[in-house]
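Trainee: Here you go, sequence then predicted model.
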Amino acid sequence: MRALDVLRFAVAAALGNRLRTLLSMLAMGIGVAAVIVLTALGDGARHFVIDQFSSLGTNLVIVLPGRTQTGGFSPANAVTSTPRDLTLDDARAIGRAQAVLRVAPVSVGSAEITAGGRLRETVVVGTTAEYLDVRHFELAQGRFLPEEDWAHGSPVMVIGGKVRRELFGAEPAVGRLVRVGDRRFRIIGVLSTSGIGLGMNTDELAFVPVSTAQQLFNTNSLFRILVEARHRDSIELAKAQARDVIKARHEGEEDVTVITQDAVLATFDRVLGTLTLGVAGIAAISLAVAGILVMNVMLVSVTQRTGEIGLLKALGASEGAIRRAFLTEAALLSAAGGVLGFVIGQAGAATIRYLYPTYPAFAPDWAVLAGLGTSIVTGLVFGVLPARRAARMDPVLALAKR
Amino acid sequence: MAGAEQIELTAVERVFQLGDSQVHALRAVDLSIAAGEYVAVMGPSGSGKSTLLNILGLLDRPNAGTYRLEGRDVTTLAPQEQARVRSQRIGFVFQSFHLVPRLTAAENVALPLMLAGIGAKERNARVMRALQDYGIADRAEHRPDQLSGGQRQRVAIARSTIMQPALILADEPTGNLDRATGDDVVHLLEALNARGVTLIVVTHDPAIGARARRRVAMEDGVIVRDTRGAELATSP
């Protein structure tokens, strides 16, 4: 039998019982759609997080006080036994390293900001003018912290969008005075929304000069030192140099952790990538179930078409021809189901993207191909038994059954 | 003139296993049929006539004995070879027509051609000619459930001859038809025979059996009477 005729025969056979064909297609379709939607969710999460972290800025190296034992970034290990404080001098020293473009010391605490009659508990970040460039932030209004000697902290503040709304409502914020404790600050700028970075949403933060923050929170130590390397290629060098500087300044103790954005990204990438794979694996189980259903449907079909099979044999069809015809039918059902699932799955992912525009729910290509490929392979594997049964039928008995 | 026979069955036996017991469907059957003969195989139910037809049609294999078809020993052919011989040399006509319900009349007639790997264009030409010959060209696109019994059997006969076989095996071809339609069908088959195609009809209807030039009567797995032998016996 010619290949095209085998295909036509299989199509006619599939159309011969519409309900059965539709149900098999639906089973396969749901399996493939599940793979697509679930991997879209998983991979979307991965991209979402990575995109957010990308807003940290490139070429970023982060120095944390305390040594982590695992060698990987782990927020829980930020503080170990008797670490030395990171000081402004440490930050200045790092800033002089050859591979470093600029540094921004960061000190963090929580305080009540009062403005007019309103009061807001806010996370206050003490840093310097360099922070804006290191983090690649943008201002919506006004300007960022001024360039000045780090030891001298002017009484100025830059706030995030949500803080502005909650303290000032619809009124302009720049130029207004706020109070923190017994200090007064003038608002000189409002940051535009940039999403989540380093776990803090800038909309809800207030930035003041670092030395002011240290006075506010009565500490000499820094939360972090952000370092921007000169180029992408000098990131590793900047990392090494920062480590060396601190080591020299801390009497040979390497009691800091220096991480790059890459390491953070890599960890998230790995975790969420594994999650996506796991989810795809679970969805693939439903594909296996669909394959069993296709086998069942084909077995029933073979039983119902016993007379037809006997006839085909009488007309001179070889066992191979009959086997091929039924295998093609199984593969066809699976492929059609796979395509149906592809359409449903992509529609589902598109719906998620429509409902949650910031969530990049795209099914990765490997998942789509794996889903479609698995559906066809499953159909073929589970079509073998029915096809063999059809091919091995005794023609005399088969014809007598009519 | 044994060499000129188209079909030669020698000492053919067929035994079926039914649970614990054995059923001897055919016992030591000897039968020779020349090309172009018109033979009716008759007998009561269980006489073995259908089994004989199945063996002649290479749908079944004897347990003992030999079957020579057109001088070739086909007793122990592999299934693939059997299929090929069936495709090229043998045509079947069944009592219940055995048309594929989801295919049109034309597609049903085209089945043997398609199975033999013949291309669509040539197929369509041959099928249309065959449908015209049998007077059902206007029914080409109808499905079997839209055809009368007589039309269905015509489609079946057209299908059985589309590959221009050397012999036609008909198992109770008029069993599901009324008398008038049955007559039509028999006439069609006889016209085929007139063109040189060997026609072997299994029937329990004596009227049909009477029309054949040779009658073979079977009982309990053996041939009890063969009018050709009788002719030979009475010829000078």
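Mentor: Ah, there it is.

Trainee: Can you show me the strands along the stretch 251-400 of chain A?
Mentor: A:256-260 (DSSP state E, counting those that start in this stretch).

Trainee: ok, the one residue in chain B that gets nearest to chain A - contacts?
Mentor: Nearest to chain A, among the residues of chain B, is B:Ser87, at 2.4 Å (Cβ to the nearest Cβ). Just so you know, the C-beta spots here come from the backbone N, C-alpha and C atoms, and that holds for glycine as well. Residues near B:Ser87 by Cβ atoms under 8 Å, 6 or more residues apart in numbering or on different chains: A:Leu315, A:Gly316, A:Ala317, B:Pro112, B:Leu115, B:Ala116, B:Met163.

Trainee: tell me the SS of it?
Mentor: Per DSSP: H, G, I helix; E, B strand; the rest coil, the secondary structure class of B:Ser87 is helix.

Trainee: From A:Asn17, how far off is it?
Mentor: 27 Å (Cβ to Cβ, to the nearest Å).

Trainee: coming back round to it: just flag the most distant two among the contacts of B:Ser87.
Mentor: Spanning the widest gap among these are A:Ala317 and B:Met163, at 12.6 Å by Cβ to Cβ.

Trainee: Look at the two and report which has more neighbours.
Mentor: A:Ala317 (26 against 20; other Cβ atoms under 10 Å in any protein chain shown).

Trainee: which residues touch the more buried one?
Mentor: Neighbouring residues of A:Ala317 by Cβ under 8 Å, 6+ apart: A:Met1, B:Ala83, B:Ser87, B:Leu115.

Trainee: hang on, the second one packs against A:Ala314?
Mentor: So the one you mean is B:Ala83. No. Contact between B:Ala83 and A:Ala314 fails when scored by Cβ atoms under 8 Å: they sit 9.4 Å apart.

Trainee: ok so, going back, list just the nearest of the contacts of A:Ala317 to A:Gln52.
Mentor: Nearest to A:Gln52 among the contacts of A:Ala317, with distances taken as Cβ to Cβ, is A:Met1, at 57.5 Å.

Trainee: longest single helix anywhere in the chain?
Mentor: Here I'm looking at chain A. helix A:261-304 (DSSP state H).

Trainee: Chain B is the one I meant
Mentor: In terms of residue count, the longest helix belonging to chain B (DSSP H) is helix B:179-194.

Trainee: average pLDDT across that one?
Mentor: When pLDDT is averaged along helix B:179-194, the result is 90.

Trainee: tell me which strands and helices that helix is in contact with?
Mentor: helix B:149-161, strand B:167-171, strand B:198-203, helix B:206-211 (3 or more Cβ pairs under 8 Å, 6 or more residues apart in numbering or on different chains; DSSP states H and E).

Trainee: run the last query once more with 6 Å
Mentor: Helices and strands touching helix B:179-194, by 3 or more Cβ pairs under 6 Å, 6 or more residues apart in numbering or on different chains; DSSP states H and E, are helix B:149-161.

Trainee: Just the buried positions in the helix it packs on, please.
Mentor: For helix B:149-161, a neighbour-count test (16 or more other Cβ atoms under 10 Å in any protein chain shown) marks B:Gly150, B:Gln151, B:Arg152, B:Gln153, B:Arg154, B:Val155, B:Ala156, B:Ile157, B:Ala158, B:Arg159, B:Ser160, B:Thr161 as buried.

Trainee: tell me the contacts of B:Gln146?
Mentor: Not one residue lies near B:Gln146 by Cβ atoms under 6 Å, 6 or more residues apart in numbering or on different chains.

Trainee: okay, it: pLDDT?
Mentor: At B:Gln146, pLDDT is 94.

Trainee: Can you name the residues that contact the closest residue to A:Leu380 other than its chain neighbours?
Mentor: Distance criterion Cβ to Cβ, 6 or more residues apart in numbering or on different chains; nearest residue to A:Leu380, sequence neighbours excluded, is A:Ala331 at 5.3 Å. Residues near A:Ala331 by Cβ under 6 Å, 6+ apart: A:Ile376, A:Gly379, A:Leu380.

Trainee: quick one: contacts of stretch B:102-114?
Mentor: A:5, A:16, A:315, B:99-100, B:123, B:127, B:130, B:139-143, B:155, B:158-159, B:162-163.

Trainee: export that stretch as CSV, just CAs?
Mentor: Coordinates of each C-alpha in stretch B:102-114 appear next as CSV, following Å, rounded to 0.1, in the frame of the first residue of the first chain:
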residue,chain,number,x,y,z
ARG,B,102,-17.6,3.8,5.9
LEU,B,103,-16.3,3.7,2.3
THR,B,104,-18.3,4.5,-0.8
ALA,B,105,-19.1,2.0,-3.5
ALA,B,106,-16.2,3.3,-5.6
GLU,B,107,-13.8,3.1,-2.6
ASN,B,108,-14.9,-0.4,-1.8
VAL,B,109,-14.2,-1.6,-5.3
ALA,B,110,-10.9,0.2,-5.2
LEU,B,111,-9.7,-1.6,-2.1
PRO,B,112,-7.9,-4.5,-3.8
LEU,B,113,-6.1,-2.0,-6.1
MET,B,114,-5.1,0.2,-3.1
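
Trainee: Counting by contacts, list what the longest strand seen in chain A packs against.
Mentor: The single longest strand within chain A, with elements called by DSSP state E, is strand A:100-115. Counting contacts by 3+ Cβ pairs under 6 Å, 6+ apart, strand A:100-115 packs against helix A:88-95, strand A:118-127, helix A:130-134, strand A:177-180, helix A:210-216, strand A:224-229.

Trainee: May I see the buried residues of the first one?
Mentor: Along helix A:88-95, these residues count as buried under the neighbour rule (16+ other Cβ under 10 Å): A:Leu88, A:Asp90, A:Ala91, A:Ala93, A:Ile94, A:Gly95.

Trainee: Write the PyMOL selection for whichever of the contacts of stretch B:102-114 are buried.
Mentor: Remark: buried members of those, expressed as a PyMOL selection using 16+ other Cβ under 10 Å:
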select buried, (chain A and resi 5+16+315) or (chain B and resi 99+100+123+127+130+139+140+143+155+158+159+162+163)
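
Trainee: quick one: low-confidence parts of chain B?
Mentor: In the predicted model of chain B, residues B:1-3, B:229-236 satisfy pLDDT under 70.

Trainee: ok, so of the contacts of A:Ala331, who is nearest chain B?
Mentor: For those, the nearest to chain B is A:Gly379 (21.0 Å; Cβ to the nearest Cβ).

Trainee: Any idea how many residues pack against the closest one?
Mentor: 28.

Trainee: which one is it nearest to, not counting chain neighbours?
Mentor: In space, A:Gly379 comes closest to A:Ser334 once its chain neighbours are excluded; the distance is 2.4 Å by Cβ to Cβ, 6+ apart.

Trainee: Isn't that neighbour up against A:Val377?
Mentor: No. Counting by Cβ atoms under 6 Å, A:Ser334 stays clear of A:Val377, with 8.3 Å between them.

Trainee: Pick out whichever of these two has more residues nearby.
Mentor: Set A:Ser334 next to A:Val377 and count neighbours by other Cβ under 10 Å: A:Ser334 wins out with 31 against 14.

Trainee: Pull the contacting residues for that one.
Mentor: A:Met28, A:Val294, A:Ser375, A:Ile376, A:Gly379.

Trainee: quick one: which of these sit in helices?
Mentor: A:Met28, A:Val294, A:Ser375, A:Ile376, A:Gly379.

Trainee: what's the distance between the first one and A:Gly341?
Mentor: Look at A:Met28 and A:Gly341: by Cβ to Cβ, they are 6 Å apart.
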